[in-house]
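[1] Provided below are the primary sequence and the corresponding predicted coordinates.
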Amino acid sequence: FFFHAEDWIRDPLWARGLGDVYKRQSLAWETGNELLPSGSEWTSDIAKHIKSEDPNHLVLDGRYGVDLNMLRDPNVDIVSNHYYSGVPGPFAERCRMDRKISAGKKAFLAGEFGIQSTKMFEDLLNEVIADGTIGALIWSLRPHNKNGGFYKHKEGSSSYYSYHWPGFPENHDYDEIEVVNLMRSKAYQIRNETIAPIPIPEDPVMLYTYSVLSINWRGSVGGRSYDIG
């Protein structure tokens, strides 16, 4: 597995064109997603390898939870945790504990959170801003589908689906409008910036129509409804 991981890191770095995109737009290399390694040796080895290939980017430990050994590893820059209902306790309290453990040692990121109440989200984001956590990423925001509509994802048997900007009334079961507006406002607050006006959406893109009985288009970012004249 380590051999394949090395190739996966090297290939995008040195690919023509794509490598330049990674170098310009990437914050960090994450060692994985919600990993549960039996020890810390693999993470230390792969973090060291990443730094040898790309010393100009940060390394984020992708372990599920803060590994105390990574707080002392010189090749790991950011530690993180994910917050869902599978682990007991309010998200804000769990974040506060993780930040306390990592404070003064490594930057801490709330790498994922979701499938809970809007109030739980708001409390977490307030904690993130107050305690110096570098950010928080909600699961999950999905874009427009190139063929019209949105990409969607449902969380198992729950009533939670992926979120879509700017939110839609029909998705009130999981507070879509409230959640995406909360995320937007907190994104400005964590940067200590005034909330900017929402820009006027561009025109949608008309798609090929197969029948005189239908009109197809790809929606515009920020568009909630469309007038057809």
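    Received, thanks. Numbers count the residues shown, from 1 in each chain.

[2] apart from its neighbours in sequence, what residue is nearest D175?
    Leaving aside its chain neighbours, D175 sits nearest to T118 (4.6 Å; criterion: Cβ to Cβ, 6 or more residues apart in numbering). No exception for glycine: its C-beta is placed from N, CA and C like everyone else's.

[3] next up, the contacts around that neighbour.
    Going by Cβ atoms under 8 Å, 6 or more residues apart in numbering, T118 touches 175, 178-179, 182.

[4] the most centrally placed residue in the chain sits in which helix or strand?
    Using Cα atoms, centre = their mean, the residue of the chain that lies closest to the mean C-alpha position is L137, 3.9 Å off. Here L137 sits within strand 136-138, counting by DSSP states H and E.

[5] adjacent strands (with direction) for that strand?
    If you go by DSSP bridges, strand 136-138 pairs up with strand 107-113 (parallel).

[6] can you select the buried ones among the contacts of T118 for me in PyMOL?
    Selecting only the buried entries of the contacts of T118 in PyMOL, with 16 or more other Cβ atoms under 10 Å as the criterion:
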select buried, resi 175+179+182
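
[7] pLDDT weak spots in this protein?
    Filtered on pLDDT under 70, the chain yields the residue ranges 1-24.

[8] which stretches in it count as strands?
    All strands of the chain, identified by DSSP state E, fall at 28-30, 58-60, 78-83, 107-113, 136-138, 205-206, 217-218.

[9] just to revisit the earlier point, against E176, how distant is the residue nearest to D175?
    10 Å (Cβ to Cβ, to the nearest Å).

[10] same thing with N81?
    In terms of Cβ to Cβ, N81 sits 25 Å off from E176.

[11] neighbour-wise, which of those two wins?
    A count of neighbours by other Cβ atoms under 10 Å puts N81 above the other of N81 and E176, at 26 against 22.

[12] quick one, helices of this structure?
    2-14, 18-25, 41-53, 91-102, 118-131, 176-190 (DSSP state H).
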